[in-house]
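Asks: From the sequence below, what's the structure:
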Amino acid sequence: MGVVLVHGVRTSRTMWRPQVEALARAGLATVAVDLPGHGTRADEQFTLDEAVATVARAVDALGGRALVAGLSLGGYVSIAHAARHPEQVAGLVAAGCCTRPRRVLVAGWATVARGIGRLPDAGAGLNERFARTFVGEQATSDLGAGGFALEVMGDVLREVGAFDPVAALAHVRAPVWLVNGRWDHFRGDEQQFLAACRDGRLVVVPGATHLVSVVAPVRFTRVLLEASAEVSVSP
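Replies: Numbers count the residues shown, from 1 in each chain. Got it, this is the predicted structure:
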């Protein structure tokens with residue numbers, strides 16, 4: 001059973017280095033994708049449709065069925081993919097995305113993003129200082145190895161703001177793992193998300209924040225390995 005990893009906003013597939021290496025040691029074929037507007041695709045416009053298509057192509061490359069895992073933006077994308085392409089998804093790990101993107105929240109995030117974008121460096125220095133402060137040197141290196149997508153927030157907020165992840169989860173047939181850091185500000189609706197799942201479970205990682213796969217890489221990787229083992233033996 002292969003694994004597809006879907007990154008968060010502004011970063012790229014390089015954020016998954018610890019998981020890619022660990023899954024390879026476990027003998028699991030793994031693809032970490034770059035979403036449109038990020039990494040090697042920084043010159044493309046982000047749309048949810050193309051993001052979902054990106055995941056679908058990655059699953060096809062692994063034989064047509066996989067465990068799909070995403071963090072933050074990647075979690076929303078992975079939920080949308082699982083709802084639209086249930087035949088491709090053996091299991092879904094959606095991390096750091098248990099907040100419904102309500103209009104008022106999206107508008108607030110968009111205002112902050114526009115303010116940061118007006119800085120002389122478009123927020124590059126602020127982004128790097130924030131990362132080094134909260135996740136450390138090695139994790140910051142992994143997050144930024146593919147470049148930080150500083151211009152993508154407007155498109156992301158517009159696309160995600162029109163998406164209802166709770167309604168989408170109701171259409172997901174595969175087992176779902178909702179993974180949140182204990183101190184994640186994106187877990188406010190996690191009980192609604194869990195209730196929407198046909199076969200869901202909630203994993204809360206003690207001491208972890210929003211970037212749970214980055215700040216708790218060993219624990220997060222264990223979730224991936226456990227999920228992969230479970231779906232591999234499912235009928």
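Asks: where does the protein have its least confident helix or strand?
Replies: In the chain, the helix or strand scored least confidently by mean pLDDT, DSSP states H and E is helix 103-117, which has a mean of 45.
Asks: Give me the neighbour count for residue 233.
Replies: 7 (other Cβ atoms under 10 Å). Any C-beta I mention is one placed from the backbone N, CA and C, and that applies to glycine too.
Asks: To clarify, my last question referred to residue 63.
Replies: Using other Cβ under 10 Å, residue 63 has 11 neighbouring residues.
Asks: Counting neighbours, what do you get for the nearest residue to it once chain neighbours are set aside?
Replies: Distances taken as Cβ to Cβ, 6 or more residues apart in numbering place residue 2 nearest to residue 63, at 6.5 Å, with adjacent residues excluded. Neighbours of residue 2 under the rule other Cβ under 10 Å: 20.
Asks: got it, and residue 24?
Replies: Here the number of neighbours of residue 24 (other Cβ under 10 Å) works out to 11.
Asks: Find the nearest non-adjacent residue to it, please.
Replies: residue 30 (6.5 Å).
Asks: Ramachandran coordinates for that neighbour?
Replies: phi -140, psi 140 (degrees, to the nearest 10).
Asks: Looks like it contacts residue 3 (just checking).
Replies: Yes. If you go by Cβ atoms under 8 Å, residue 30 and residue 3 touch, sitting 4.7 Å apart.
Asks: what do those two both touch?
Replies: Residues touching both residue 30 and residue 3 (Cβ atoms under 8 Å, 6 or more residues apart in numbering): residue 23.
Asks: And those two? Which one has more around it.
Replies: Higher neighbour count among residue 30 and residue 3: residue 3, with 28 against 23, using other Cβ under 10 Å.
Asks: Let me know the next secondary structure element after the helix or strand hosting the more buried one.
Replies: Using DSSP states H and E, residue 3 maps to strand 2-6. Once strand 2-6 ends, the next helix or strand along the chain (criterion: DSSP H and E) is helix 17-25.
Asks: Show me which residues of that next one are buried.
Replies: The neighbour-count check on helix 17-25 (16 or more other Cβ atoms under 10 Å) flags 17-20, 22-23 as buried.
Asks: Using PDB, list the CA coordinates for that helix.
Replies: What follows is helix 17-25, C-alpha atoms only, in PDB (Å, rounded to 0.1, in the frame of the first residue of the first chain):
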ATOM      1  CA  ARG A  17      11.400  14.700   4.600                       C
ATOM      2  CA  PRO A  18      11.200  12.800   8.000                       C
ATOM      3  CA  GLN A  19       8.100  10.900   6.900                       C
ATOM      4  CA  VAL A  20       9.400  10.100   3.500                       C
ATOM      5  CA  GLU A  21      12.600   8.700   4.900                       C
ATOM      6  CA  ALA A  22      10.800   6.700   7.700                       C
ATOM      7  CA  LEU A  23       8.200   5.300   5.300                       C
ATOM      8  CA  ALA A  24      10.900   4.200   2.900                       C
ATOM      9  CA  ARG A  25      12.700   2.400   5.700                       C
END
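Asks: Quick one: residues in contact with it.
Replies: By Cβ under 8 Å, 6+ apart, helix 17-25 touches 3, 5, 30, 32, 142, 145, 213, 217-218, 220-221, 224-225, 228.
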